[in-house]
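Asker: would you be able to build a 3D model of this:
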Amino acid sequence: MEGDLDLELNQGTNFMHWITLGDFRLLERPDRECISRKGGHPDFRFEDKAGKEYVIEYTRLLQKTLRNLEYFAESHIASPLQGKLPGTYTLEIMVDHIGRGWITVEAANLVVSEIMRLMQSDIQSKTGQLSSGFNLHKVSEDGSRLVPWLIGPTLPAELRLDDPLARELEKEFHDIVQSTDRKLDGYTGARILLLGLSQSGLDREFHAQRFINGQGVMLTWADNEGKAVKNLDYIYLEPGINVWSGSSDNLHVKVFAGHKYTESKAGYYPILWQRPGTPTLLH
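Answerer: Purely as a prediction, here's the structure:
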């Protein structure tokens, strides 16, 4: 596997390890390997030792503002620092601290320059708050890269369906589910949407497990969407932030950052929704 190009494969194989305890193989990456079609293709097809197929679409539920900011930070901050850092770092960017929720090119250039000066200093830890207010944190001795970690406004502990941010995320959730349903058309086996929640602002609802027993906005969204889909069988939640960093021996080391499940190598993937009548996918 090669760096960022396989971050999604990392997510898919981690999930399959959790579902099957490691007895599986990758059959195909339809989104990359199949002929293009209207509606697109899912990301992966896996098969377990019993011959059962798992078709997975992986995507993240993220506000458009954060998604755009993340792309900008990757292009204008992370990319210029690639290969120039003594390890793998995260850059914590609080959206509330950057005015209107945007970073200018000039501000990004200043962040890059400050990080480079910090790397050349005698400070051993080379972590801490930058003059921009962003927090730099070293997460691994391996690799040589920076991973932007965008943090949006904190959502209420008891998030209401009529909250403006909940409505925005609901629209994103709807679009993701509908797109996944189209991509899974014609595929057989266990057809799964693996939904990444990292940086979405839904951490409080997730940790309180309000998607269980008829509570919480996520469960309401899923129940509503489940009435309309034809090809989707399961929605699983993926809460962690996974970072790949290249080690000195050319292997890849997984780094977890910014999540309570930091030490869990097995992952944690609770189910949000499954089609009535489908079997439970437990190992």
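Asker: every contact and neighbour count from this point should use C-alpha atoms.
Answerer: Fine.
Asker: ok, now how distant is the residue nearest to the spatial centre of the chain from Y268?
Answerer: Geometric centre of the chain, nearest residue: G196, 4.2 Å, by CA atoms, centre = their mean. G196 is 11 Å from Y268, where distance means CA to CA, to the nearest Å.
Asker: got any residues that touch both of these two?
Answerer: Common contact partners of G196 and Y268 (CA atoms under 8 Å, 6 or more residues apart in numbering): E238, P239.
Asker: related to what we said a few turns ago, where's the residue nearest to the centre of the chain relative to H41, distance?
Answerer: G196 is 18 Å from H41, by CA to CA.
Asker: give the contact list for T88.
Answerer: Applying CA under 8 Å, 6+ apart to T88 gives the contacts K138, V139, S140, E141, D142, G143, S144, R145, L146, V147, S245.
Asker: ok, 7 Å please
Answerer: Neighbouring residues of T88 by CA atoms under 7 Å, 6 or more residues apart in numbering: K138, V139, S140, E141, D142, G143, S144, R145, L146, S245.
Asker: which among the residues you listed count as buried?
Answerer: K138, V139, S140, D142, G143, S144, R145, L146, S245 (16 or more other CA atoms under 10 Å).
Asker: tell me the secondary structure for K138?
Answerer: strand (DSSP: H, G, I helix; E, B strand; the rest coil).
Asker: ok, it touching T90?
Answerer: Yes - if you go by CA atoms under 7 Å, K138 and T90 touch, sitting 6.4 Å apart.
Asker: beyond the lowest-mean-pLDDT helix or strand in the chain, next helix or strand please.
Answerer: Every helix and strand of the chain was ranked by mean pLDDT, DSSP states H and E. The lowest is strand 252-256, at a mean of 55. Next along the chain after strand 252-256, taking DSSP states H and E as the criterion, comes strand 271-274.
Asker: list the neighbouring strands of that following strand plus their orientation.
Answerer: Looking at strand 271-274 with DSSP bridges, its partner strands are strand 234-238 (antiparallel).
Asker: buried residues in the strand it pairs with, which are they?
Answerer: Within strand 234-238, the residues scored as buried using 16+ other CA under 10 Å are Y234, I235, Y236, L237, E238.
Asker: let's have those residues in JSON lines, adding distance to W102 and pLDDT.
Answerer: Formatted as JSON lines, these follow (distance: CA to CA, whole Å; pLDDT from 0 to 100):
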{"residue": "Y234", "distance to W102": "35", "pLDDT": "97"}
{"residue": "I235", "distance to W102": "32", "pLDDT": "97"}
{"residue": "Y236", "distance to W102": "31", "pLDDT": "94"}
{"residue": "L237", "distance to W102": "28", "pLDDT": "91"}
{"residue": "E238", "distance to W102": "27", "pLDDT": "85"}
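Asker: now the helices: where do they sit in the stretch 151-283 of the chain?
Answerer: Counting by DSSP state H, counting those that start in this stretch, the stretch 151-283 of the chain has helices at residues 164-183, 203-207, 217-226.
Asker: those: lowest mean pLDDT?
Answerer: Note on these: lowest mean pLDDT is at helix 203-207, with a mean of 79.
Asker: outline the domain layout of this protein.
Answerer: 3-62+157-274, 64-151 (automatic domain parsing).
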